[in-house]
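Novice: This is the structure alone, sequence omitted:
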């Protein structure tokens, strides 16, 4: 029938006829050829409203879907809608440039029926290459496709092949519909339905892929944030941290193997390698001091030097990958992706993933890889900083012990101090004009003890610790004029006289703090550098104390000595009274910075009180603070108010030591 040649069958015996009889059907004229059965549900809706097809496309928008299965279902819908005899679904592998026929119920990557995406072979390959539909009335008469269609059938005649193209221009799949010689060729209405459905399918596939990529990225961010949080709070060993992250990136990118190369700081081509293999039970394998100059590590070395991401989608056809490496390692590599983990001072390491499941590593995988590399960089840099911090802390402890031994006085100075505790103050000691003579310079520590003892309760002062404190202060003496130990004593002497005459204006704690602050207000002054010059040269002191560098440094030394040698018996370091005392000492020393502290904060208030006859009220905190600042300024410059002979001596000392002053 249908113009085909009538075949006759002859058999020599009746027995042969009986054998073949069940397989032979005689067609009578009254019989009609069976029609293609159609689903009543599809017939009811599709004839009236073909757009109902789009209802099932919402499945593509879910977070995790089996796209090939849904494409098969949609292909079956198109088959029924267009009354096609059959349908074939082809998936496109853009990385390798091939198209393969998808088997609905056999999800195995190999072997596949595949063709190269090009013209002059099959209809589906041509459509995938051009990304345009093809509608053919008779496939046997079209010379463009010598290999025909995927399903070989001599009765196939009309073919309608449409691509599933995403909005970004990627051909994701091809749907091939065909009719046999018993049917009419495909019409334009069939083409409209097919293109309408595949256009929406392309948009839905693209949106689903984007959604899955965002979902994976969010999942990666959440996991890495939690992992980083644990690492930062409890400080997990860096090897364990790397192992956890290597395992996770292998899972998130669906790779057969993941490796991390922690580069040696001395040689970028030497690294410690953490690998997570194909078998989960293998766990993490660590190899130390692996050289990257071999042929099998060429890609790793390239990334380690250049820092650029490399994505080899088809290792067999990419010149950057040596295929003989597979023979050496015994591991067949299909696809590779590498990226660098960058730190503030260069490349810290390289991550490599091998063999993406059912395909190659995509652009979305590259984005996830970069996110992972960023977190990896944070972890490694934090680990490095933490190790440096711990090392510096150990050095700090050693330096503290050395400093403590060095700041302690020698036994001869201690013996001399303890022997002269009852020294008598000179007769003119209570006169502002008095200055220390040369013969009493060695007695300055004992004289300061005599001054501060007058403002302390009986047995309040720890004599031995005070001796170590003041003698340690003297060990920091410099030859800088106006900032040496004698100047510190002049300050304390002037403050002592002010307190003796006006002690009722201050609390006992403030008096002791003003005296101790005076002794430490210029300790360990190095050179004539001002605060501005310290900032200009970016000195470490100005970096630690940006507002008042020198004064803060002087207080730091004073507080350190007080910490090592507590001069008061009843004051513990945790007591509020002791903390208040240290705060008063700090304010006293900081107030010696006349430009930033005295002139900017107190001068206007003092001028209003003195010049404008405003009422001074010592109970007002601002007035009381200005009073202490004024006493500090007076004590600091008291040496310039001495008699002429003393002032001339100070001027001569200043010029005679100008080399020290301006060093």
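Specialist: Yes, it's here. Computed from a prediction, not measured in an experiment: that's the story for all the values here.

Novice: and residue 176, that one's in a strand?
Specialist: Yes: counting by DSSP: H, G, I helix; E, B strand; the rest coil, residue 176 is part of a strand.

Novice: which other helices and strands contact the strand or helix carrying residue 198?
Specialist: Assessed by DSSP states H and E, residue 198 sits inside helix 188-234. If contacts are counted by 3 or more CB pairs under 8 Å, 6 or more residues apart in numbering; DSSP states H and E, helix 188-234 sits against helix 67-81, strand 156-165, strand 171-180, helix 238-252, helix 363-407. Where C-beta positions appear, they are placed from N, C-alpha and C, glycine not excepted.

Novice: is it possible to export those to JSON lines including mean pLDDT and distance to residue 145?
Specialist: As requested, the helices and strands packed on helix 188-234 are exported to JSON lines (pLDDT from 0 to 100; distance: least, CB to CB, whole Å):
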{"stretch": "helix 67-81", "mean pLDDT": "87", "distance to residue 145": "20"}
{"stretch": "strand 156-165", "mean pLDDT": "92", "distance to residue 145": "9"}
{"stretch": "strand 171-180", "mean pLDDT": "91", "distance to residue 145": "11"}
{"stretch": "helix 238-252", "mean pLDDT": "82", "distance to residue 145": "41"}
{"stretch": "helix 363-407", "mean pLDDT": "83", "distance to residue 145": "32"}
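
Novice: could the ones you listed go into JSON lines alongside mean neighbour count?
Specialist: JSON lines is the format used below for the helices and strands packed on helix 188-234 (neighbours: other CB atoms under 10 Å):
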{"stretch": "helix 67-81", "mean neighbour count": "19"}
{"stretch": "strand 156-165", "mean neighbour count": "24"}
{"stretch": "strand 171-180", "mean neighbour count": "24"}
{"stretch": "helix 238-252", "mean neighbour count": "19"}
{"stretch": "helix 363-407", "mean neighbour count": "15"}
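
Novice: could I get these as TSV with distance to residue 132?
Specialist: Output for the helices and strands packed on helix 188-234, formatted as TSV (distance: least, CB to CB, whole Å):
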stretch	distance to residue 132
helix 67-81	17
strand 156-165	7
strand 171-180	10
helix 238-252	36
helix 363-407	24
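
Novice: out of these, nearest to residue 533?
Specialist: Closest to residue 533 of those is helix 363-407 (CB to CB; 26.2 Å).

Novice: That closest one versus helix 238-252: what angle between them?
Specialist: Angle of helix 363-407 versus helix 238-252, following axes from the mean of the first three to the mean of the last three CA atoms, to 10 degrees, is 170 degrees.

Novice: what's the angle between helix 363-407 and helix 188-234?
Specialist: Put simply, helix 363-407 runs at 10 degrees to helix 188-234, going by the same axes, to 10 degrees.

Novice: what packs against helix 363-407?
Specialist: Counting contacts by 3+ CB pairs under 8 Å, 6+ apart, helix 363-407 is packed against helix 188-234, helix 238-252, strand 336-343, strand 346-356, helix 463-475, helix 549-564.

Novice: so how far is the second one off the chain centroid?
Specialist: Put plainly, it is helix 238-252. On the basis of CA atoms, centre = their mean, to the nearest Å, helix 238-252 sits 16 Å off its chain's mean C-alpha point.

Novice: any low-confidence regions in the stretch 101-250 of the chain?
Specialist: 105-112, 231-235 (pLDDT under 70).

Novice: if you set the cut-off to 90 instead, what comes out?
Specialist: The stretch 101-250 of the chain contains residues with pLDDT under 90 at 101-121, 138-157, 166-170, 172, 180-182, 195-250.

Novice: Could you chop this structure up by domain?
Specialist: For the chain, automatic domain parsing gives the domain ranges 40-212, 235-388, 420-661.

Novice: Need the ones you listed in JSON lines (columns: distance to residue 220).
Specialist: Converted to JSON lines, these look like this (distance: least, CB to CB, whole Å):
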{"stretch": "domain 40-212", "distance to residue 220": "12"}
{"stretch": "domain 235-388", "distance to residue 220": "6"}
{"stretch": "domain 420-661", "distance to residue 220": "38"}
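
Novice: ok now do residue 118, which residues does it touch?
Specialist: Neighbouring residues of residue 118 by CB atoms under 8 Å, 6 or more residues apart in numbering: 125-126, 129.

Novice: Same question for residue 458.
Specialist: Per CB under 8 Å, 6+ apart, neighbours of residue 458: none.

Novice: Equivalent analysis for the one 3 residues further on, please.
Specialist: Each residue near residue 461 by CB under 8 Å, 6+ apart is listed here: 449, 452-453, 567-569.

Novice: list the contacts for residue 492?
Specialist: By CB under 8 Å, 6+ apart, residue 492 lies in contact with 448, 451, 515, 518-519, 635.

Novice: again, only using 6 Å
Specialist: Going by CB atoms under 6 Å, 6 or more residues apart in numbering, residue 492 touches 448, 515, 518-519.

Novice: farthest-separated two in these?
Specialist: Applying CB to CB across those, the maximum distance is between 448 and 518, 9.3 Å.

Novice: if you count what's nearby, which of the two comes out ahead?
Specialist: Between residue 448 and residue 518, residue 518 has the larger neighbour count (other CB atoms under 10 Å), namely 29 against 24.

Novice: For residue 482, what are phi and psi?
Specialist: With angles defined as degrees, to the nearest 10, residue 482 sits at phi 70, psi 0.

Novice: in which helix or strand would I find the nearest residue to it once chain neighbours are set aside?
Specialist: Setting aside the residues directly before and after it, residue 482 is nearest to residue 654 in space (CB to CB, 6 or more residues apart in numbering), at 6.9 Å. Assigned by DSSP H and E, residue 654 belongs to helix 644-656.

Novice: likewise residue 319?
Specialist: Applying DSSP H and E, one finds residue 319 in no helix or strand.

Novice: returning to that earlier point: what about the residue nearest to residue 482, how many residues nearby?
Specialist: Neighbour tally, residue 654, other CB under 10 Å: 13.

Novice: my guess is it contacts residue 483, does it?
Specialist: No: under the criterion of CB atoms under 6 Å, residue 654 makes no contact with residue 483, lying 10.8 Å away.

Novice: Save the contacts of residue 492 as TSV, and put in pLDDT too.
Specialist: Output for the contacts of residue 492, formatted as TSV (pLDDT from 0 to 100):
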residue	pLDDT
448	93
515	95
518	92
519	92
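
Novice: from those, which is closest to residue 303?
Specialist: Nearest to residue 303 among the contacts of residue 492, with distances taken as CB to CB, is residue 519, at 61.5 Å.

Novice: ok, now how distant is the closest one from residue 496?
Specialist: Using CB to CB, to the nearest Å, residue 519 is found at 11 Å from residue 496.

Novice: How about residue 439?
Specialist: 20 Å.

Novice: What are the buried residues along the helix holding residue 654?
Specialist: For helix 644-656, the neighbour count (16 or more other CB atoms under 10 Å) marks 646, 650 as buried.

Novice: Could you tell me how far that helix lies from the centre of the chain?
Specialist: 60 Å.

Novice: Pull the residues that contact it.
Specialist: 435, 481, 639.
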